[in-house]
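Asker: okay, predicted coordinates and the sequence, questions at the end:
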Amino acid sequence: MSKGCEADQPFDTDVFSSTYKDDDIKLVTEKTVKKLANGWKTVKGTRVMKHNTGKYHYRIKIDSHNRNNNPYLMIGVSSCKKVLGYSNGVVFSGNDTGSWTGKYKKGSSTQYGNNVAIVPGDVVHLIIDTDKKSISVSLNEKDLGVLDNDLINNCVLSVDLYSTNDQVTIL
């Protein structure tokens with residue numbers, strides 16, 4: 001298996017890293033991860049997306065999500081370093097309907113996504129365009145627009161989960 005983030009060439013399949021993850025995240029399969037205890041924890045993907053290498057698509061299915069404990073899930077990209085968390089990238093944060101969804105980048109948040117709630121069965125689709133240095137999001141095939149247009153180089157998929165038993169799968 002490729003070294004993932006440390007590899008000179010992108011990994012040829014889209015899977016979660018067994019190395020670039022917090023201990024409270026379990027790899028159920030290469031494409032499915034599950035949260036074992038409460039608290040923010042991160043898992044990264046293995047494919048490195050370098051500037052000017054085209055478009056990448058990720059469809060992340062929400063298998064289970066304990067919205068009563070913490071309504072947030074964070075799905076996006078972060079730098080290709082063994083620094084876990086979202087402060088070094090940009091992520092879409094789904095929340096409760098009637099509240100707000102957000103864009104988190106460099107430790108700060110702004111409103112994005114028109115108050116959508118993420119629930120089990122939903123599919124978050126990330127479109128990463130490394131030529132335009134942009135990331136766009138759709139939820140269940142509804143376009144939410146451009147999340148960011150200043151994408152970092154050498155980024156990877158990044159998922160942050162909070163609640164015990166939250167689980168997502170790369171489709």
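Answerer: Cool, got the structure. Here the structure is a predicted model, which means the values were calculated and not measured.
Asker: what pLDDT, on average, does the one helix or strand V156 maps to get?
Answerer: Following DSSP states H and E, the helix or strand that holds V156 is strand 155-161. Per-residue pLDDT values over strand 155-161 give a mean of 89.
Asker: what sits up against that strand?
Answerer: Defining contact as Cβ atoms under 8 Å, 6 or more residues apart in numbering, one finds that strand 155-161 is touched by 4-5, 14, 16-17, 20, 25, 33, 35, 40-49, 58, 60, 73-80, 85-86, 89, 91, 126, 128, 168, 170. In short, each C-beta sits where N, CA and C put it, glycine included.
Asker: using PDB, write down the CA coordinates of it.
Answerer: Taking C-alpha atoms only, strand 155-161 is exported to PDB below (Å, rounded to 0.1, in the frame of the first residue of the first chain):
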ATOM      1  CA  CYS A 155      -4.400  18.400   0.100                       C
ATOM      2  CA  VAL A 156      -6.300  15.300   1.100                       C
ATOM      3  CA  LEU A 157      -9.800  14.300   2.000                       C
ATOM      4  CA  SER A 158     -10.400  15.100   5.700                       C
ATOM      5  CA  VAL A 159     -13.400  14.000   7.900                       C
ATOM      6  CA  ASP A 160     -13.900  15.200  11.500                       C
ATOM      7  CA  LEU A 161     -16.500  13.200  13.600                       C
END
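Asker: which residue is nearest the middle of this protein?
Answerer: For the chain, I75 is the residue whose C-alpha lies nearest the centre (Cα atoms, centre = their mean; 2.5 Å).
Asker: if it is in a bridge, with which residues?
Answerer: Beta bridges link I75 to F92, V159 when assigned by DSSP bridges.
Asker: my read: it touches V124, true?
Answerer: Yes: assessed by Cβ atoms under 8 Å, I75 is found in contact with V124 at 5.1 Å.
Asker: so where's the chain shaky on pLDDT?
Answerer: Along the chain, the model assigns pLDDT under 70 to residues 1-13, 82-115.
Asker: so what's the residue count around K133?
Answerer: Neighbour count for K133, taken as other Cβ atoms under 10 Å: 16.
Asker: let me see the contact set for it.
Answerer: So K133 contacts H51, N149, D150, L151 (Cβ under 8 Å, 6+ apart).
Asker: which element follows the strand holding V156 toward the C-terminus?
Answerer: Heading C-terminal from strand 155-161 (DSSP H and E), you reach strand 167-170.
Asker: what angle do the longest strand along the chain and strand 155-161 make?
Answerer: If you go by DSSP state E, the chain has its longest strand at strand 55-64. Strand 55-64 runs at 10 degrees relative to strand 155-161, counting by axes from the mean of the first three to the mean of the last three Cα atoms, to 10 degrees.
Asker: what's in contact with strand 55-64?
Answerer: Residues contacting strand 55-64 (Cβ under 8 Å, 6+ apart): 14, 32, 34, 45, 47, 49, 73, 75, 118-131, 157, 159, 165-171.
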